[in-house]
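this one's sequence-less:
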């Protein structure tokens, strides 16, 4: 019975991935994703179902990585405004993150190996197991890492689903909010500002990764007092 359920889940996963890829390819998504204007025109072409298609595209950006979710978030900001695009994007990305985490948890390494290269697995899986919350929070906060793939790898660890959901909900939406705000012209960050933010983010990531466990132990000890 358990084996039958595994095969059914795998079949549904393949149908989901294959159907999603077929739909995106057939409707010209991958050509449109080369530019912000292309993405905007692609989503707008599905009116009056543009909101639904936008949600599906953002959900696919997690399941069918790598799809440039930042470009689609920018396009959503242009079309729907900051808060509508952010709400749709955050809901899709959080749902997709939990979905791939759960599939990896249920189907195991064979599923993960179909979507994550051996090189990426070897680089990140052991760090996720050792650093856990600290590493995942930093990965989800900063846009320099394959966070969609790391959601899959996290499903291979012993991190509880509820804790993973909380981490995703608290950290992943912030970068998406910036992209939606840029698309909606709510904020503007010049190139030099983006570079400074990038350098600060990398520096903070490395320092926290090295000393995060010690800081966490000190804080926990203080809370116990």
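Yep, it's here. Keep in mind that what you see is a predicted model, and the values were worked out from it rather than measured.

Who are the packing partners of the host helix or strand of residue 182?
Here residue 182 sits within helix 161-183, counting by DSSP states H and E. Applying 3 or more CB pairs under 8 Å, 6 or more residues apart in numbering; DSSP states H and E, one finds that helix 161-183 makes contact with helix 69-80, helix 82-107, helix 133-141, helix 147-154. Just so you know, the C-beta spots here come from the backbone N, C-alpha and C atoms, and that holds for glycine as well.

From what I see, residue 77 and residue 180 are in contact.
Yes: here residue 77 lies in contact with residue 180, judged by CB atoms under 8 Å, at a distance of 4.2 Å.

Quickly list what's touching both of these two.
Here residue 77 and residue 180 have 85-86 as joint contacts, going by CB atoms under 8 Å, 6 or more residues apart in numbering.

From the neighbour counts alone, determine which of the two ranks first.
residue 180 (31 against 28; other CB atoms under 10 Å).

mind listing what the more buried one touches?
Contact partners of residue 180, counting by CB under 8 Å, 6+ apart, are 73-74, 76-77, 82-83, 85-86, 89.

mind redoing it with 6 Å?
Counting by CB atoms under 6 Å, 6 or more residues apart in numbering, residue 180 touches 73, 77, 82, 85-86.

For this protein, which helix or strand comes out least confident on mean pLDDT?
helix 191-224 (a mean of 62; mean pLDDT, DSSP states H and E).

quick one, phi psi at residue 33?
phi -70, psi 0 (degrees, to the nearest 10).

Tell me how far it lies from residue 57.
9 Å (CB to CB, to the nearest Å).

what distance separates stretch 95-104 from the centre of its chain?
Its chain's C-alpha centre and that of stretch 95-104 lie 10 Å apart, by CA atoms, centre = their mean, to the nearest Å.

Kindly report the same for stretch 116-134.
Centroid separation for stretch 116-134 versus its chain: 15 Å, with CA atoms, centre = their mean.

The helices and strands packed on helix 161-183: which one's closest to residue 117?
Residue 117 lies closest to helix 147-154 among those, at 8.3 Å (CB to CB).

and that closest one, what other elements does it pack with?
Using 3 or more CB pairs under 6 Å, 6 or more residues apart in numbering; DSSP states H and E, the elements in contact with helix 147-154 are helix 82-107, helix 118-131, helix 133-141.

Columns distance to residue 207 and mean pLDDT on top of those, output as JSON lines?
Below are those laid out as JSON lines (distance: least, CB to CB, whole Å; pLDDT from 0 to 100):
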{"stretch": "helix 82-107", "distance to residue 207": "26", "mean pLDDT": "90"}
{"stretch": "helix 118-131", "distance to residue 207": "13", "mean pLDDT": "84"}
{"stretch": "helix 133-141", "distance to residue 207": "10", "mean pLDDT": "84"}
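
Same list, those, but as JSON lines with distance to residue 46 and mean neighbour count please.
Formatted as JSON lines, the helices and strands packed on helix 147-154 follow (distance: least, CB to CB, whole Å; neighbours: other CB atoms under 10 Å):
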{"stretch": "helix 82-107", "distance to residue 46": "13", "mean neighbour count": "20"}
{"stretch": "helix 118-131", "distance to residue 46": "33", "mean neighbour count": "14"}
{"stretch": "helix 133-141", "distance to residue 46": "29", "mean neighbour count": "20"}
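
Residue 24: neighbour count?
Using other CB under 10 Å, residue 24 has 19 other residues around it.

More neighbours: residue 33 and residue 57, which one.
residue 57 (29 against 19).

Tell me which residues touch the nearest residue to that one once chain neighbours are set aside, please.
Counting by CB to CB, 6 or more residues apart in numbering, the nearest residue to residue 57 once its immediate chain neighbours are dropped is residue 72, at 5.5 Å. Contacts for residue 72 were tallied using CB under 6 Å, 6+ apart; they are 39, 57-58.
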